[in-house]
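Participant: what shape does this take:
(one chain, ligands or ions: 2)
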Amino acid sequence: MPFQQKFSNEELVTFLSAKGTEINSDQIKEAAAHFGVKTQSVTKRLGKHPQFTKGSRGVWNLTVAEKLEQSYQAPAAVPAVEDLVPQKDPNYVPFGNFADVKKIVQSGMFYPTFITGLSGNGKTFSVEQACAQLGRELIRVNITIETDEDDLIGGFRLVNGETVWHNGPVVEALERGAVLLLDEVDLASNKILCLQSVLEGKGVFLKKIGRYVRRAPGFNVFATANTKGKGSDDGRFIGTNVLNEAFLERFALTFEQEYPSPKIEQKILEKAASSLGVLDEKFCENLSNWSDIIRKTFRDGGIDEVISTRRLVHIIRAFAIWQDRMKAIKVCVNRFDEETKTSFIELYDKIDADVVTQEVADDQQG
Ligand SMILES: Nc1ncnc2c1ncn2[C@@H]1O[C@H](COP(=O)(O)OP(=O)(O)OP(=O)(O)O)[C@@H](O)[C@H]1O
Ligand SMILES: [Mg+2]
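Facilitator: Residues are numbered from 1 along each chain as shown. Ligands and ions are numbered 1, 2, ... in the order given. Next up, the predicted model:
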């Protein structure tokens, strides 16, 4: 039996379509020689192919429908993103673990790092800004209980009526040598275990398409979480799960991110206020002292809630809208229960003697 080279119908059509829409017997012979098969093998395939119809004198007509062109352009399910380096934020104030996070990124080493800490204290922001300052690509994936292998590694997507393989963010980061941020990883289910080999620095085998993806230099994984992956007893972080011990073990080190000191937090607020054109240094100082007392009381078990850096920035934004310190605080602490809200407002009242509460202002007007 003569040696027959394997070739797909697509390859055959691509070869023939380059010759035009009327394929004569010489061109068919050419194709047969090109693919190392008999002429009859080619004509047999053309006879079965929907885009070819047999004409007279051995000529085959190729229907170059738009659909055909589309199918050969193999539409990319993942839009080619040129640059995944995050933008530098002039409002970012480095503190705490930032220098170490940046050092890890800068080292280019594969060193999976876990950052744990209370909500809104700059965990995600620190990884993003470390990459921004170093010009490194970052792919951030927000993990939920629904996140599975398809979301992380990839899967088939329907594009223009065809199923096309779509690289998930993990594969994309592996191939680009980017930093992968598994944000809020403690919300994950056990389906996150599909990342075990990736966390060992080994790349991943795409079993659905039979391709092995290696880790490009520079690839690293950061994970952020409000807990240490051991669940949350006090009910503050509903939805967090106990993560598999073997998964946690694959992270080389853990940073415990604290809220910034009052001085740093004041600087953060001043920058946020300046960028909005409402810089009031005294207000920023009062807010950072206020949150500091609240956090100390929280740590001592005196209250169940804290004011995060994120919430303070929300207050500054509200201040930019209403130019009213107390109103800004009130609208931003309304999310807490009545008792907590009242105690927060009363505390601020004590810190900022000049602040005029709405009730007092109403009384004065009336
Ligand atoms: N170092 C900082 N410099 C400037 N702003 C900061 C800084 N840290 C935190 N912030 C402010 O706090 C917000 C929340 O930060 P970030 O999203 O990183 O918190 P997080 O710790 O990841 O919170 P969560 O656990 O809820 O995801 C930022 O959007 C920013 O407004
Ligand atoms: Mg975060």
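Participant: quick one: residues contacting the residue in the stretch 1-150 of the chain that ligand 1 sits nearest to.
Facilitator: Here the residue of the stretch 1-150 of the chain nearest ligand 1 is Gly122; by CB to the nearest ligand atom that distance is 2.5 Å. Just so you know, the C-beta spots here come from the backbone N, C-alpha and C atoms, and that holds for glycine as well. Counting by CB atoms under 8 Å, 6 or more residues apart in numbering, Gly122 makes contact with 95-96, 98, 257, 260, 309.
Participant: return only those of those residues found close to ligand 1.
Facilitator: Within the set of the contacts of Gly122, contact with ligand 1 (CB under 6 Å from any ligand atom) is found for 95, 309.
Participant: most neighbours among the contacts of Gly122, please name it.
Facilitator: Highest neighbour count within those: Thr309, with 24 neighbours (other CB atoms under 10 Å).
Participant: who are the neighbours in contact with Arg310?
Facilitator: By CB under 8 Å, 6+ apart, the contact list for Arg310 reads 119-121.
Participant: most neighbours, which of these?
Facilitator: Most neighbours among the contacts of Arg310, by other CB under 10 Å: Asn121, with 22 neighbours.
Participant: hmm, that one is touching Pro260, no?
Facilitator: Yes: with contact defined as CB atoms under 8 Å, Asn121 reaches Pro260; the gap is 7.3 Å.
Participant: who touches both of these two?
Facilitator: The contact sets of Asn121 and Pro260 overlap at Thr309 (CB under 8 Å, 6+ apart).
Participant: which residues in the stretch 201-350 of the chain form strands?
Facilitator: Along the stretch 201-350 of the chain, the segments classed as strands by DSSP state E, counting those that start in this stretch run 204-206, 211-213, 220-225, 253-257.
Participant: what's the first one packed up against?
Facilitator: To tie it back to what came earlier, the one meant is strand 204-206. Where contact means 3 or more CB pairs under 8 Å, 6 or more residues apart in numbering; DSSP states H and E, strand 204-206 is packed against helix 169-176, helix 196-199, strand 211-213.
Participant: name the residues of the first one that are buried.
Facilitator: Residues of helix 169-176 classed as buried under the neighbour-count rule (16 or more other CB atoms under 10 Å) are 169-174, 176.
Participant: possible to save the residues you listed as JSON lines with distance to Thr297 and pLDDT?
Facilitator: Converted to JSON lines, the buried residues of helix 169-176 look like this (distance: CB to CB, whole Å; pLDDT from 0 to 100):
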{"residue": "Pro169", "distance to Thr297": "40", "pLDDT": "96"}
{"residue": "Val170", "distance to Thr297": "41", "pLDDT": "97"}
{"residue": "Val171", "distance to Thr297": "46", "pLDDT": "96"}
{"residue": "Glu172", "distance to Thr297": "44", "pLDDT": "96"}
{"residue": "Ala173", "distance to Thr297": "41", "pLDDT": "97"}
{"residue": "Leu174", "distance to Thr297": "45", "pLDDT": "97"}
{"residue": "Arg176", "distance to Thr297": "46", "pLDDT": "95"}
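Participant: closest one of those to ligand 1?
Facilitator: Ranked by distance to ligand 1 (CB to the nearest ligand atom), the buried residues of helix 169-176 are led by Pro169 at 17.5 Å.
Participant: the closest one: what's it in contact with?
Facilitator: Contact partners of Pro169, counting by CB under 8 Å, 6+ apart, are 139, 141, 151-152, 180.
Participant: below-threshold pLDDT in the chain: ranges please.
Facilitator: Residue ranges of the chain with pLDDT under 70: 1-5, 64-81, 356-366.
Participant: and it, which residues reach ligand 1?
Facilitator: 91-93, 95, 119-125, 184, 224, 226, 268, 309-310, 313.
Participant: many thanks, I have nothing further to ask.
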